[in-house]
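Visitor: What would the 3D arrangement of this be:
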Amino acid sequence: MTIKTTRRAWLAGLSIVAAGVTALGATAAAANDAITIGALRFTSHGAGFVAYEKGYFADEGLDVTFEFFQAAQPIAVATASGDVDFGITGVTGGLMNLAEKGAIRIVGGVLHEKKGVDGMMIMASNAAYDAGMKTVDDIKGHSVAMTQVGSTFHYMTNLIANAKGWSMDDMKMVPLQKVGSMVAAVKSGQVDVLIMVPHIAKALAGAGAAHEIGWLNDYAEYQISTMISSVDNIENNRDMVERFIRAYAKGIADMNRVFLSGDADPAEMEELTGMIAKYVAPDQPYEKAAKSIQTGAMYLNEGMALNKTDVAAQMKWFKDQKLVDSDLTVDELVDSSFVDTY
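Guide: Numbering: from 1, shown residues only. Model prediction:
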């Protein structure tokens, strides 16, 4: 039996096939989950930028955008309200309050102080240094910059005070709301001490705008930042959370391997630096931003594992200091079902 096909019929059939392919493509595109990540323009947040640029999020069916903030605590508020789906932030009083209301949970670890890896630098303003502040032992009795009361910067100062046997009352904590304002206050001599991520701190020291006097990981190794998401996402879109964590963890693996291994391929180093520079220093020439990014990388939690024991210790401090009035437990703050905890 011979079937004859006219040109008109053939074209009509081709149109049907093309329409079907287009419809399938549209369905696939619609299946991607659109999510927003709340972040700071820090190299330590670079794993997300790398995961985006290298297509790890796209591979997991995630259409990602970033929303940038000037401090970590507002990221927790934005995550609780649903303005962002995931946020990179430390354990703070604000985070604990929102978790107690059933709005957010920690789902993984991001940044961790580790011996042998440059972390948060302790700095003295030029005025304080010239007046005799040469080491961390000289901090007692001086002013220390932080974003907000109950912030990670507040807690970091406590780690130093605790290691030295001081009271927090021995320092004057100065809330300045934004990281940029903290840097400006130290540069102008309005505050004496700054604890800052290395990609900013090393640039300040190199420019003679402040002095390095120590490193936080000389006094403590702690879980600086975590990944949070809303309880709504965790309970009603678990698969999306799992896919996000897989993609972000790949970005972490790339960051640690390239920036911390000491034997990275120079071409790959340049590639990742360029990816991160787009977000960390969008208004700077690449040549200016590259060095601070490459020398400012910190240790990121492999696999987004979380130091839950340290999170519990941080929570206790906030409660002991009366910065939160809460019965929240670490098991209520942390959802341990997504990553390894220890």
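
Visitor: where exactly do the helices run in the stretch 201-342 of the chain?
Guide: All helices of the stretch 201-342 of the chain, identified by DSSP state H, counting those that start in this stretch, fall at 231-236, 238-260, 266-280, 286-295, 308-320, 330-333.

Visitor: worst average pLDDT in these?
Guide: Mean pLDDT is lowest for helix 286-295 among those, at a mean of 89.

Visitor: Mind listing what's buried along that one?
Guide: If you call a residue buried by 16 or more other C-beta atoms under 10 Å, then helix 286-295 has these buried ones: Ala289, Ala290, Ser292, Ile293, Gln294. C-beta coordinates here come from the backbone N, C-alpha and C atoms, glycine included.

Visitor: quick check, nearest of these to Ser337?
Guide: Nearest to Ser337 among the buried residues of helix 286-295, counting by C-beta to C-beta, is Ile293 at 33.6 Å.

Visitor: Pick the most deeply packed of the helices of the stretch 201-342 of the chain.
Guide: Counting by mean count of other C-beta atoms under 10 Å, helix 238-260 has the highest mean neighbour count of the helices of the stretch 201-342 of the chain, with a mean of 20.

Visitor: still on that earlier bit, among the buried residues of helix 286-295, which one lies nearest to Ser261?
Guide: Distance to Ser261, by C-beta to C-beta, is smallest for Gln294 among these, at 12.6 Å.

Visitor: which non-adjacent residue is nearest that closest one?
Guide: In space, and not counting its chain neighbours, Gln294 is closest to Thr273: 5.7 Å by C-beta to C-beta, 6 or more residues apart in numbering.

Visitor: I'd say Lys308 and Thr341 touch.
Guide: Yes - Lys308 lies in contact with Thr341 (C-beta atoms under 8 Å); the separation is 4.0 Å.

Visitor: Which neighbours do these two have in common?
Guide: Counting by C-beta atoms under 8 Å, 6 or more residues apart in numbering, the residues touching both Lys308 and Thr341 are Val334.

Visitor: Any stretches of this protein with poor pLDDT?
Guide: 1-31 (pLDDT under 70).

Visitor: Mind splitting it into its structural domains?
Guide: As given by automatic domain parsing, the domain ranges for the chain are 32-114+222-333, 121-218.

Visitor: and the end-to-end length of the last one?
Guide: Across its full length, domain 121-218 reaches 10 Å end to end, with C-alpha to C-alpha, to the nearest Å as the criterion.

Visitor: Residues touching stretch 320-331, excluding its own?
Guide: Applying C-beta under 8 Å, 6+ apart, the contact partners of stretch 320-331 are 93, 96-97, 99-100, 149-150, 154, 158, 168, 308, 311-312, 315, 318-319.

Visitor: any idea where the strands of this structure begin and end?
Guide: For the chain, the strands defined by DSSP state E cover 33-39, 62-68, 86-89, 104-112, 121-125, 143-146, 172-175, 193-196, 210-215, 223-230.
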